[in-house]
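Asks: Fold the following and give me the result.
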Amino acid sequence: MRKRLTAQWRRGVLLLVTGCLVAAGAAGCGDAGNEHNPPGANARVGPVLIRYAHIAEPPDGPWEPGDDAPFYLWLFNQGEDTDRLLGAETTVARSVDTVRADGTVRGPVDVPTRKLIELEKGRTHLLLRNLSRQIRGGDYVWVTLRFERAGEVALQVHSQVPTYVEDATDAPGLTSPSPGG
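Replies: Modelled structure (predicted):
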C-alpha cells in the first residue's frame, strides 16, 4: 500500500511539474528571442490592476529639485463598476497633478470596467510637480494612488525608460495593445 501511494504521489508531482514547465514555455519564459524588460511597479487595489507604473527617466541627466517629472502607468478595472483615479501623492514632490498630453491640468480619470487606460507620454498622465530632491534614472520613490471606489495603494516606483514603447531602447519591448498606441 505504501509503495502504491508513493508511486501515485510521484506521478502527480511529475504531472504538475511538467504542466508548469509547459505553461512557462508557452508564456515565453527563458526564451531569449522574447526577452523584454517591462518597466515599473505592478499592483492591485480592489479590482483595479496597476501595470508599468514608473517615473520617466530623465532625458539629460537627473531630474533636479524644482523639476516636474512625468509619471506613467496603465490601469485595468476588473470590477463590475466604473472607478476613478482621484489623484496621487508622494513625499518627493510638492504635488502630483493629472495632466493632459499638452500639460494642462485635468480632473480625475475614469477607469471603466474591462478597458485598458494608458496614462503615458502623449496622453493624459500624472506629473510629479516641483520635485524636492534629485531623481536619477534607476532611483526608486514611493507614490500613493487614490481611487474613488478601490481605495489607496502605495507603490515603490522606478525612474526608467518606458520600454513598452518600441523605440525607447535597443531591446525589444512591449507594444501598446490599444489602437494607435
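Asks: Verify the stated contact: residue 75 with residue 111.
Replies: Yes. Between residue 75 and residue 111 a contact is recorded at 5.1 Å, counting by C-beta atoms under 8 Å. For every residue, glycine as well, the C-beta is placed using N, CA and C.
Asks: any common contacting residues for these two?
Replies: Residues touching both residue 75 and residue 111 (C-beta atoms under 8 Å, 6 or more residues apart in numbering): 48, 85, 117.
Asks: so what's the last one scoring on pLDDT?
Replies: It stands for residue 117. Here, the pLDDT recorded for residue 117 equals 97.
Asks: On the strand side of things, show who it bridges to.
Replies: As for beta bridges, residue 117 partners with residue 75 under DSSP bridges.
Asks: Give the residue spans of the chain that score low on pLDDT.
Replies: 1-39, 161-181 (pLDDT under 70).
Asks: how's it carved up into domains?
Replies: 2-32, 36-168 (automatic domain parsing).
Asks: Mean neighbour count added to those domains, as JSON lines?
Replies: JSON lines is the format used below for the domains of the chain (neighbours: other C-beta atoms under 10 Å):
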{"stretch": "domain 2-32", "mean neighbour count": "10"}
{"stretch": "domain 36-168", "mean neighbour count": "17"}
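Asks: still on that earlier bit, make JSON lines out of the shared contacts of residue 75 and residue 111 and add distance to residue 62.
Replies: Shown next, in JSON lines, are these (distance: C-beta to C-beta, whole Å):
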{"residue": "48", "distance to residue 62": "31"}
{"residue": "85", "distance to residue 62": "27"}
{"residue": "117", "distance to residue 62": "29"}
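Asks: and which of the residues you listed is nearest to residue 145?
Replies: residue 85 (6.5 Å; C-beta to C-beta).
Asks: OK, contacts around the closest one?
Replies: Per C-beta under 8 Å, 6+ apart, neighbours of residue 85: 75, 98, 108-109, 111, 119, 145-147.
Asks: now do residue 142
Replies: Applying C-beta under 8 Å, 6+ apart, the residues near residue 142 are 90-92, 154-157.
Asks: Tell me which helix or strand it sits in.
Replies: Using DSSP states H and E, residue 142 maps to strand 140-147.
Asks: And the helices in the chain?
Replies: Per DSSP state H, the chain carries helices over the ranges 2-26.
Asks: all strands of it, in order?
Replies: With DSSP state E, the ranges of strands along the chain come out as 41-45, 48-56, 69-77, 83-89, 93-99, 109-111, 116-119, 125-131, 140-147, 151-160.
Asks: Could you tell me the angle between the third one and strand 93-99?
Replies: Spelled out, that is strand 69-77. 50 degrees (axes from the mean of the first three to the mean of the last three C-alpha atoms, to 10 degrees).
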